[in-house]
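> sequence first, predicted coordinates after that:
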Amino acid sequence: MRFFTTLFTAFRALRRNKMRSLLTALGIIIGVAAVIAMVGIGNGAKKQVEDQVASMGDNVIMVFSGSSSRGGMHGGSGSAGTLTIDDANAIAREVPTVEAVTPEVEGSTRISYGNQNWSTRLNGVSADYFKVRSWTFSQGTPFEERDVSAVAKVALIGRTVSTQLFGTDEEALGKTVRIKHVPFTIIGVLGPKGASFFGRDQDDTIVVPYTSAMKRLLGIKTIPRITLSVERGKPLAPVQQQITELLLQRHNIANERDADFSVRTQEEMARMATATSSIMTTLLGFVASISLIVGGIGIMNIMLVSVTERTREIGIRLAIGARGSDILLQFLIEAITLSLLGGMIGVALAFGVAELVREFTEMPVLITAGPVMYSFGFSAAVGILFGFYPARKAASVDPIEALRYE
């Protein structure tokens with residue numbers, strides 16, 4: 001009975017000062033909302049990157065040519081041109097669980113049709129490329145292996161290129177465009193993919209047979225990258241090791257540390273791509289958590305003021321039989337109530353902020369149970385931690401001195 005009497009007294013004290021109670025809880029409200037919203041934005045960005053990586057296929061392995069170094073200038077991975085078409089054929093032939101293999105060459109180019117022109121990304125690939133990348137078609141069909149062998153002047157374009165040059169996908173089919181003054185016939189329009197995890201528009205591309213790209217457009221004999229897919233359900237790590245050993249043997253390299261190529265699985269690329277997002281999410285959550293501590297200090301400050309204002313009331317309660325523990329519990333309940341109330345409003349506010357961010361910025365926001373529980377639990381802990389000192393001070397008031405207090 002004594003506990004419920006104390007609880008009722010605490011709530012009645014908060015109701016007497018509704019505006020002050022709300023303003024006291026404001027720090028917790030903002031803190032909880034900030035933590036949940038910031039972590040949600042970070043998680044949304046991370047999920048977007050993971051989805052973009054997954055759109056490339058979850059069973060994909062990429063082999064990159066080594067980096068170049070000339071005259072003190074260092075190129076990035078793929079710039080040395082240490083991979084060949086024979087390497088790609090060897091992987092397809094000698095690694096049993098490999099399902100499809102495509103050499104890839106690329107470069108920037110300008111394509112034109114009539115009085116329209118557009119700068120885009122040129123990709124030279126094999127007929128297996130679309131199977132490896134799980135790429136669908138909105139119009140037309142892919143080129144075949146015979147087109148690769150014949151160095152055919154056929155091409156497929158992404159949705160962005162189709163829109164810029166022709167307006168609609170249907171209009172693009174059968175048209176002849178010029179790539180570096182070489183005529184190519186459009187035989188298909190690729191299905192939309194969106195942005196890659198590097199931020200590049202994957203639909204802003206034109207895809208041709210790699211033989212046509214190497215001989216007719218780029219004038220190169222080596223390839224910067226080989227992309228392959230592994231049979232579903234097969235682990236990628238053993239295949240990665242088999243490819244590494246095969247290429248070391250073909251390139252006459254004894255030590256793996258001296259390899260002039262690198263082999264990366266999609267899982268590794270996903271980890272690298274999301275590493276920065278994870279760090280930023282943690283940093284945002286940490287910075288936002290500081291506002292919770294500031295809110296806790298605000299609660300302690302107001303509770304100390306409340307103890308001073310209610311010294312005479314505390315003295316009367318002690319004089320008529322209340323124990324020190326009752327006074328301590330009353331003020332502690334007030335502090336915890338303010339924190340929990342602020343936590344609940346903050347959670348609701350965070351979901352509102354998330355909807356506004358999605359509506360006006362199209363930025364993905366992913367709110368999970370973890371940050372919500374963490375923020376709400378932290379707000380309760382703040383109430384206990386920062387409410388205890390004022391409650392302890394109230395409980396230690398001398399009844400005689402308190403009754404004399406004006």
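That came through, no problem.
> the stretch 151-300 of the chain: strands as residue ranges?
154-157, 176-179, 182-190, 205-209, 225-230, 261-265 (DSSP state E, counting those that start in this stretch).
> and the next element down the chain from the longest strand anywhere in the chain?
Scanning the chain for the longest strand, with DSSP state E as the assignment, gives strand 98-113. Downstream of strand 98-113, the next assigned helix or strand under DSSP states H and E is strand 116-125.
> any low-confidence regions in the stretch 151-300 of the chain?
Under the criterion pLDDT under 70, the flagged ranges of the stretch 151-300 of the chain are 195-199, 267-277.
> same thing but 80
168-170, 194-201, 233, 266-300 (pLDDT under 80).
> quick check: residue 328 touching residue 394?
Yes - taking CB atoms under 8 Å as the definition, residue 328 is a contact partner of residue 394 at 6.8 Å. Just so you know, the C-beta spots here come from the backbone N, C-alpha and C atoms, and that holds for glycine as well.
> sorry, back to before: go through the strands of the stretch 151-300 of the chain and name the closest to residue 88.
strand 225-230 (4.8 Å; CB to CB).
> who touches that closest one?
57, 59-65, 78, 83, 87-88, 91-92, 97-106, 129, 131-133, 236, 239, 243 (CB atoms under 8 Å, 6 or more residues apart in numbering).
> kindly recompute the last result at 7 Å.
With contact meaning CB atoms under 7 Å, 6 or more residues apart in numbering, strand 225-230 is reached by 57, 59-65, 78, 83, 87-88, 91, 97-104, 131-132, 236, 239.
> that one to strand 116-125, inter-axis angle?
Our comparison of strand 225-230 with strand 116-125, counting by axes from the mean of the first three to the mean of the last three CA atoms, to 10 degrees, yields an angle of 60 degrees.
> how near is the nearest residue to residue 82 once chain neighbours are set aside to residue 87?
With CB to CB, 6 or more residues apart in numbering as the criterion, residue 82 has its nearest non-adjacent residue at 4.1 Å, and that residue is residue 260. Distance, residue 260 to residue 87, using CB to CB, to the nearest Å: 11 Å.
> more crowded one of the two?
residue 87 (23 against 15; other CB atoms under 10 Å).
> give me the buried positions along the host helix or strand of that one.
Here residue 87 sits within helix 85-94, counting by DSSP H and E. Residues 85, 87-88, 90-92 are the ones in helix 85-94 that count as buried (16 or more other CB atoms under 10 Å).
> need the residues you listed in TSV with pLDDT, can you?
Supplementary listing: these in TSV, determined by pLDDT from 0 to 100:
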residue	pLDDT
85	92
87	93
88	92
90	93
91	93
92	91
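> just the residues you listed now: which is nearest residue 177?
Comparing the buried residues of helix 85-94 against residue 177 with CB to CB places residue 85 closest, at 25.8 Å.
> helices or strands up against the strand or helix carrying residue 389?
Using DSSP H and E, residue 389 falls within helix 369-395. On a contact count with 3 or more CB pairs under 7 Å, 6 or more residues apart in numbering; DSSP states H and E, helix 369-395 meets helix 18-54, helix 266-309, helix 324-361.
> and this protein, what are its domains?
For the chain, automatic domain parsing gives the domain ranges 2-51+272-404, 60-231.
> right, and the ones you listed - which one's nearest residue 256?
domain 60-231 (12.7 Å).
> ends of the closest one, how far apart?
In domain 60-231, first residue to last residue: 10 Å (CA to CA, to the nearest Å).
> check what pLDDT the nearest residue to residue 335 once chain neighbours are set aside gets.
Leaving aside its sequence neighbours, residue 335 sits nearest to residue 387 (CB to CB, 6+ apart; 2.3 Å). The model reports residue 387 with a pLDDT of 73.
> also the one 5 residues further on?
The predicted structure scores residue 392 at 73 on the pLDDT scale.
> with residue 343 instead?
For residue 343, pLDDT reads 83.
> if I look at it, how far off is residue 285?
Where residue 285 is concerned, residue 343 sits at a distance of 16 Å (CB to CB).
> more neighbours: these two, which one.
More crowded of residue 343 and residue 285, by other CB under 10 Å: residue 343, with 27 against 20.
> which residues does the nearest residue to the more buried one once chain neighbours are set aside contact?
Leaving aside its sequence neighbours, residue 343 sits nearest to residue 379 (CB to CB, 6+ apart; 3.5 Å). Contact analysis of residue 379 by CB under 7 Å, 6+ apart lists 28, 32, 292, 339-340, 342-343.
> redo that, cut-off 6 Å
Contact partners of residue 379, counting by CB atoms under 6 Å, 6 or more residues apart in numbering, are 28, 32, 339, 343.
> which of those has the most neighbours?
residue 32 leads those on contacts (other CB under 10 Å) with 33 neighbours.
> wait, doesn't that residue sit right on residue 375?
Yes - if you go by CB atoms under 6 Å, residue 32 and residue 375 touch, sitting 4.4 Å apart.
> is the closest residue to residue 85 other than its chain neighbours bridged to anything, and to what?
Sequence neighbours aside, residue 103 is the residue nearest to residue 85 in space, at 5.7 Å (criterion: CB to CB, 6+ apart). In this entry, residue 103 is beta-bridged to residue 226, by DSSP bridges.
> centre-most residue in this structure?
residue 46 (1.2 Å; CA atoms, centre = their mean).
> what's the spacing between that one and residue 278?
Residue 46 is 6 Å from residue 278, by CB to CB.
> between those two, what contacts are shared?
Counting by CB under 6 Å, 6+ apart, nothing touches both residue 46 and residue 278.
> quick one, what contacts residue 86?
Taking CB under 6 Å, 6+ apart as the definition, residue 86 has no contacts.
> measure it to residue 149 for me?
According to CB to CB, residue 86 and residue 149 sit 15 Å apart.
> please apply the same query to residue 123.
In terms of CB to CB, residue 123 sits 18 Å off from residue 149.
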